[in-house]
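Enquirer: Quick one: sequence and predicted model below, then my questions.
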Amino acid sequence: MIIFAFKFNKLIMETKTERLKLNRIKAVLAETGHTGKWLAEQLDKDPATVSKWCTNASQPDLYTLKNISCVIGVNIRFLLVDND
């Protein structure tokens with residue numbers, strides 16, 4: 001069951017037990033031996049922002065997602081969850 005909730009003027013889709021996972025940033029960082037803190041430094045972003053991306057509490061925009069893929073050195077498709 002999907003629940004739609006409004007929080008700070010944004011529509012957030014949540015499943016009954018957890019947020020909908022849209023990205024694999026945390027997993028890819030672990031696979032490549034990097035940390036969220038390292039990624040935040042590379043992108044000149046607040047570590048709290050990167051942490052939100054890693055927990056899927058929020059999502060980076062497409063431009064930032066492309067920058068993440070370049071910094072980590074993976075294809076952008078590896079950063080996205082396949083929701084077939």
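Expert: Looks like it came in fine.

Enquirer: Which residue ranges of this protein form helices?
Expert: Secondary structure of the chain, counting by DSSP state H: helices at 25-32, 36-43, 47-54, 62-72.

Enquirer: do you know which of those lies nearest residue 81?
Expert: The closest of the helices of the chain to residue 81 is helix 25-32. By CB to CB, the value is 9.4 Å. Every C-beta, even on glycine, is put in place using the N, C-alpha and C of the backbone.

Enquirer: what angle separates that closest one from helix 36-43?
Expert: 100 degrees (axes from the mean of the first three to the mean of the last three CA atoms, to 10 degrees).

Enquirer: What's the mean pLDDT across helix 25-32?
Expert: The average pLDDT within helix 25-32 is 97.

Enquirer: And it, what does it pack against?
Expert: helix 36-43, helix 47-54, helix 62-72 (3 or more CB pairs under 8 Å, 6 or more residues apart in numbering; DSSP states H and E).

Enquirer: repeat that for 7 Å
Expert: Applying 3 or more CB pairs under 7 Å, 6 or more residues apart in numbering; DSSP states H and E, one finds that helix 25-32 contacts helix 47-54, helix 62-72.

Enquirer: Dump the ones you listed to a markdown table, plus mean pLDDT.
Expert: Shown next, in a markdown table, are the helices and strands packed on helix 25-32 (pLDDT from 0 to 100):
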| stretch | mean pLDDT |
| --- | --- |
| helix 47-54 | 98 |
| helix 62-72 | 97 |
